[in-house]
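Peer 1: got a predicted model here, sequence first, then my questions.
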Amino acid sequence: MYLGNQIFNLFYYFFTIYTITVFILYISITVVSLVGIKQYFNKTSFVKYTSVLSSPFAPSISILSPLYNEERNAISSIRSLLTNHYVNYDIVIINDGSSDKTLELIIEAFQLKKVEYTFEQKIKTENILGIYKSTNPAYEKIKLINKERGGKSDALNAGLNISENEYVVCVDGDCILADDALQKMIKPFLEHTEKEVVACGGVIRIANGCKIKDGRVIEKKLHHSILVKFQVLEYLRSFLLARVGWSKNRGLMHIAGAFCIFTREKAIAVKGFNRYTLGEDMDIVVKIQKFMYDAKLKFKTIYLPEPLCWTEVPSTCQSLIRQRSRWARGTIKTLWDHKKMMLNPKYGQMGMFGYPVWFIYERFGPIIEIIGISFFIVSAYLGRVNWMYTTSFLIATYLFAIMYSLFALLTEEMTYHQYDKKGDLTKLILIALIEPFTYHIFMIYPVILGNIQQLFKLKNKWGDIDRKGFQSYKPKTII
Amino acid sequence: MEAFLGHIKEVLNFVYHNFLNETLVVQVVWVSIVLFFFTFIISLLVVVYYKRHRKKAKKEREKILKIYQPLIIKAIAGGDKALDHINVLSNQIKKVKHKKCHRNTILSIIIKLHRSLSDDLANNLEQIYILSELNKYSLKKLKNKSWNIKIEGIRELSQMNCIQSMSKHIVKMFTSKKEVLLFELRLAFLKNRGGEALNFVNNYKNDFNEWHQIEFMEMLFNLKGPTFEYIDNWLTSQNASINLFALKIVKSYSLIDKKNQIINLVKSKNFKVRREAIRVILKFKIKDAYPALLSAYEFNDNYFEKRRLLSALKTLDFENFENYILVEQQKLNQQFRYKTITIKS
């Protein structure tokens, strides 16, 4: 009986300490993020981005866009890349062995023709079947690589081999870039000289429900699906509050692969994207930073709080589960591959702070939560729940969760206020109120699934997200 | 060892009895609950208030824009009666300038129009800016504690060609440690005084970052016939960022007489300077650079740089060195045979 008591107490203490540290961690990251956002606003309030646009000295950028079975979104996504205001850039589209009509549609839409092309294969990839360029000068910026299926990382590596520009921007095939995304992303690389900027990311917003015309988001709207609304709130919290804070703390482990920019030299120096992980974006960010620490070079990774990219998120439970279990597996694999960094002072704040926090709260967070729920059920069954203690903790956790979500909404409202339609804010506040005991609990499942899949090496595929395609803009006919 | 373990046990006991005491923890949690609840309510109120306030301000801005934009355009394009219109409008603006929203919106209309206009129309806008005393608000910004507000003030005054009026504040601002602010001042001077304002480059020891270089080049493009008295010093400077800036000037203003200094930069330790020097050589087809490029090619190990150098040699003088170039090209391809893939249609 005494041992049983001891075990129960141990669990109680563990969850108490864990919850309190979560509160402290999130509050501190939020404070750092808010400071970072304020500084960014001060710094950019007077900037004339137009000077870098027309300048013949603007650095060259290659946009790498890997596509696999993206026949619904491919054309609008490429058009969005073409409408960018930046001048000195080219677009490398990589068709990664699509089994649908992606390749044919792109060839037809942009009048592409197979050409002879020589390049240095710095990173080994699957066979390249052909390289295409447009016969139409309007599309001269486009290069299309058709290759055998090798996964997203392999496709990006093929793009890295073929691109010749100083900087590479990785954009998912289902993404729409803001017109000024490139000049805003390139700025940190040009203005930081004492420390080399090796990677930069920007805020990603959800395009489901938005109206798209000629590759531009022309009307920003919240999607009617509750699942998408949950994700809108989640993205706001994650990108506005967390990532900026992590980047300021020099503990940034992840830049969303949907839209990020690297120096090509550094991406190649770390042998490109890892083919054997599902979290290639996290892996390359960690690898590049590790490389810089190993080489004792001063560097920075930067996260801009600006909404620069719009993407389509899963709108069905099934595809969301697939996506999140894949993300979980990617995180597990990357953390395992770079375990040397854990609490290693050689890797600075990233090793001493970023890695351990990701390891405990991102890797094991959902597992701890599920253990907590199970512990509560067992305790209730045995009649050993300390109701006062448990209830107070549940209320505190719930209030903290909604307070954190509201902070994200407040930050969004005070900065970019993208969801500006009547009722949008009310809907998001309501979502914040129900999210902790609905979506949050539901999201534990794919993470546990990802853990099981990774543990038993069940499958190592990306899994398809059923794309609905962007809602295209249809002008009203006036008779 | 035993003493150490005993000490740890003591510490754990202390933590257990003092901090993990259930009642204490529950009390702390309830205090947190109250805190979280009030923070939640306050955040909620702030969000709602902010949204309403923002929408109201947006509507007001739109209203002011609708009223003043046509008035300003009418006044500056008034032909013979422009002066009268300007005086009337300036008095009208004077009456509302104390309202922040009015002031900011009118100022933004004037600045935006000034950017796209020139000659008489731009002069008329400057008149409105001064007569309506909006310049005083720009000057006031220079006294602000925030450096970004100071920069806004500098930008406004510089755009409206009122740089002289800020002479009182300049000395103080030049003592600032904020590089961005200093560069903004230098940019404003460049606009006002031309190439002379670039003298700071002579003794500049820090890194002249690429973003600022691009901004300076853009400003230079807007000047009429700027002169670069010290360009020789910049091309031979030990500061690679200054070399880069000088090369940009050489390239943009076709200063071909500086070819010897440009050729010397092919040997620079800095990769970016070497690359830019090759670009300049190619742009002006400086055949005298052949020996320097050849020597750089032979002593370089980097594939990309070798390829760039060989391509430069080929462009400069293919006729006389055809054999050498073809042999080297073949060697280069063989050297990278295993790495290079050729796709044939």
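Peer 2: Noted; the coordinates are in hand.

Peer 1: how long is stretch A:231-244 end to end?
Peer 2: Taking CA to CA, to the nearest Å, stretch A:231-244 runs 19 Å from one end to the other.

Peer 1: burial of B:Asp120, as a residue count?
Peer 2: 12 (other CB atoms under 10 Å in any protein chain shown). (Each C-beta comes from the backbone N, C-alpha and C, glycine too.)

Peer 1: please, which helix or strand holds it?
Peer 2: helix B:119-131 (DSSP states H and E).

Peer 1: counting by contacts, list what that helix packs against.
Peer 2: For helix B:119-131, the elements it packs on are helix B:22-76, helix B:82-96, helix B:100-116, judged by 3 or more CB pairs under 8 Å, 6 or more residues apart in numbering or on different chains; DSSP states H and E.

Peer 1: which stretch among those comes nearest chain A?
Peer 2: helix B:22-76 (3.8 Å; CB to the nearest CB).

Peer 1: among the helices and strands packed on helix B:119-131, which comes closest to B:Lys141?
Peer 2: With CB to CB as the measure, helix B:100-116 is the member of the helices and strands packed on helix B:119-131 nearest B:Lys141 (10.5 Å).

Peer 1: which residues touch that closest one?
Peer 2: B:57, B:60-61, B:64-65, B:68-69, B:72-73, B:76, B:93, B:96-97, B:122, B:125-126, B:128-129, B:132, B:134, B:137-138, B:156, B:159-160 (CB atoms under 8 Å, 6 or more residues apart in numbering or on different chains).

Peer 1: PyMOL command for the buried members of these?
Peer 2: Command for PyMOL, covering only those of the contacts of helix B:100-116 found buried under the criterion 16 or more other CB atoms under 10 Å in any protein chain shown:
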select buried, chain B and resi 64+68+69+72+76+93+96+97+122+125+126+128+129+132+134+137+138+156+159+160
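
Peer 1: picking that back up, how about the helices and strands packed on helix B:119-131 in CSV, adding mean pLDDT?
Peer 2: Shown next, in CSV, are the helices and strands packed on helix B:119-131 (pLDDT from 0 to 100):
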stretch, mean pLDDT
helix B:22-76, 90
helix B:82-96, 88
helix B:100-116, 91
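
Peer 1: and these as CSV, adding distance to A:Arg79?
Peer 2: CSV is the format used below for the helices and strands packed on helix B:119-131 (distance: least, CB to CB, whole Å):
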stretch, distance to A:Arg79
helix B:22-76, 30
helix B:82-96, 44
helix B:100-116, 28
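
Peer 1: looking at those helices, which is closest to B:Phe14?
Peer 2: Using CB to CB, the nearest of the helices and strands packed on helix B:119-131 to B:Phe14 is helix B:22-76, at 13.3 Å.

Peer 1: could you look up the SS state of the residue in the stretch 301-450 of chain A positioned nearest to chain B?
Peer 2: Using CB to the nearest CB, A:Leu399 is the residue of the stretch 301-450 of chain A that sits closest to chain B, at 3.8 Å. Applying DSSP: H, G, I helix; E, B strand; the rest coil to A:Leu399 yields a three-state assignment of helix.

Peer 1: so what's it closest to, chain neighbours aside?
Peer 2: B:Phe36 (3.8 Å; CB to CB, 6 or more residues apart in numbering or on different chains).

Peer 1: these two touch, right, that neighbour and A:Met403?
Peer 2: Yes: at 5.1 Å, B:Phe36 and A:Met403 qualify as touching, with contact defined as CB atoms under 8 Å.

Peer 1: chain center to the helix holding B:Asp120: distance?
Peer 2: On the basis of CA atoms, centre = their mean, to the nearest Å, helix B:119-131 is displaced by 27 Å from the centre of the chain it belongs to.

Peer 1: quick one: contacts of it?
Peer 2: B:72, B:75-77, B:82, B:86-87, B:89-90, B:93, B:110, B:113-114, B:117, B:134-135, B:160-162.

Peer 1: list buried residues within those.
Peer 2: B:72, B:75-76, B:82, B:86, B:89-90, B:93, B:110, B:113-114, B:117, B:134-135, B:160-162.

Peer 1: doesn't A:Glu306 lie inside a strand?
Peer 2: Yes: assigned with three-state DSSP, A:Glu306 falls within a strand.

Peer 1: tell me the contacts of residue 279?
Peer 2: You didn't say which chain, so I picked chain A. A:254, A:326-327, A:329-331, A:333-334.

Peer 1: oops, wrong one, chain B.
Peer 2: Here B:Arg279 is in contact with B:Lys251 (CB under 8 Å, 6+ apart).

Peer 1: any stretches of the chain with poor pLDDT?
Peer 2: By default, I'm working from chain A. Within chain A, the ranges that satisfy pLDDT under 70 run A:1-2, A:459-479.

Peer 1: switch to chain B, please.
Peer 2: B:12, B:15-22, B:303-304, B:332-345.

Peer 1: per-domain residue ranges of it.
Peer 2: B:197-284, B:290-345 (automatic domain parsing).

Peer 1: if we can go back for a sec, just the CA trace of the next helix or strand after the helix holding B:Asp120, in CSV.
Peer 2: Next in sequence after helix B:119-131, counting helices and strands by DSSP H and E, comes helix B:134-142. Taking Å, rounded to 0.1, in the frame of the first residue of the first chain, the C-alpha atoms of helix B:134-142 are listed here in CSV:
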residue,chain,number,x,y,z
LEU,B,134,3.6,69.7,-41.6
ASN,B,135,7.4,70.0,-41.7
LYS,B,136,7.4,70.9,-38.0
TYR,B,137,5.9,67.5,-37.2
SER,B,138,8.6,65.8,-39.2
LEU,B,139,11.2,67.8,-37.3
LYS,B,140,9.5,66.9,-34.1
LYS,B,141,10.0,63.2,-35.0
LEU,B,142,13.8,63.8,-35.0
